[in-house]
Every structure is written in C-alpha cells, then in structure tokens.
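[1] Quick one: sequence plus predicted model below, questions after.
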Amino acid sequence: MKETVKLILEQIKMLEHTYDFAVGETGLRMNNDKEEILKALRAFTKKVEQEQSLEEFEREMEKEC
C-alpha cells in the first residue's frame, strides 16, 4: 500500500511539472478546470502526507508504550 501511495505521489509531481511546462512553453492560460485539477492533486498529496505523518506518530507512540 505504501509503495502504491508513493508511486501515486510521484506521478502527481510529474503531472504538475508537465502541466507547468506545457503552460509556460505554449503560453496557454490556466482555465478553471485545469486549476481545479491541480488543486485536487495538491490536496490529495497534502492529505496523504498528513496521514502518513499521523501513522508514523502512532507507531512511535506504540513503540514507547
């Protein structure tokens, strides 16, 4: 499961860089749909990072007990 999440996060980063490059190279303007997609990708990334941190914290607490 962790490996799958890591792969998804890497793909999201790649998509963000690809999108930024395409916008910069072609002079395209961001429309609302594209902006919403990027927001969703970033929100997912943040949520996974927070959950992973929480899981790590819980494991550390269990080890201490």
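    Perfect, thanks for sending it. What you are looking at is a predicted structure, and each value in this text was computed from that prediction instead of being measured.
[2] List the buried residues for the helix or strand of the chain with the lowest mean pLDDT?
    Taking mean pLDDT, DSSP states H and E as the measure, the chain has helix 2-26 as its least confident helix or strand, at a mean of 74. Residues of helix 2-26 classed as buried: 9, 12, 19 (neighbour count, 16 or more other CB atoms under 10 Å). In short, each C-beta sits where N, CA and C put it, glycine included.
[3] and the helix or strand following it, what does it pack onto?
    Of the helices and strands lying after helix 2-26 in sequence (DSSP states H and E), the nearest is helix 32-64. When contacts are defined as 3 or more CB pairs under 8 Å, 6 or more residues apart in numbering; DSSP states H and E, helix 32-64 sits against helix 2-26.
[4] And the helix it packs on, how far out from the chain middle?
    8 Å (CA atoms, centre = their mean, to the nearest Å).
[5] what angle do that helix and helix 32-64 make?
    With axes from the mean of the first three to the mean of the last three CA atoms, to 10 degrees as the basis, helix 2-26 and helix 32-64 are set at 150 degrees to each other.
[6] Among the buried residues of helix 2-26, find me the one that's closest to Ala43.
    Ile12 (10.5 Å; CB to CB).
[7] Chain neighbours aside, what residue packs nearest to the closest one?
    Spatially, and ignoring its direct neighbours in sequence, Ile12 is nearest to Leu41 (4.8 Å; CB to CB, 6 or more residues apart in numbering).
[8] Dead centre of this protein: give me the residue that sits there.
    Central residue of the chain (CA atoms, centre = their mean): Thr45, 2.5 Å from the mean position.
[9] That one touches Leu15, doesn't it?
    No: using CB atoms under 8 Å, Thr45 makes no contact with Leu15, being 10.7 Å away.
[10] just to revisit the earlier point, could you dump the buried residues of helix 2-26 into a markdown table and include distance to Glu35?
    As requested, the buried residues of helix 2-26 are exported to a markdown table (distance: CB to CB, whole Å):
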| residue | distance to Glu35 |
| --- | --- |
| Leu9 | 20 |
| Ile12 | 15 |
| Tyr19 | 10 |
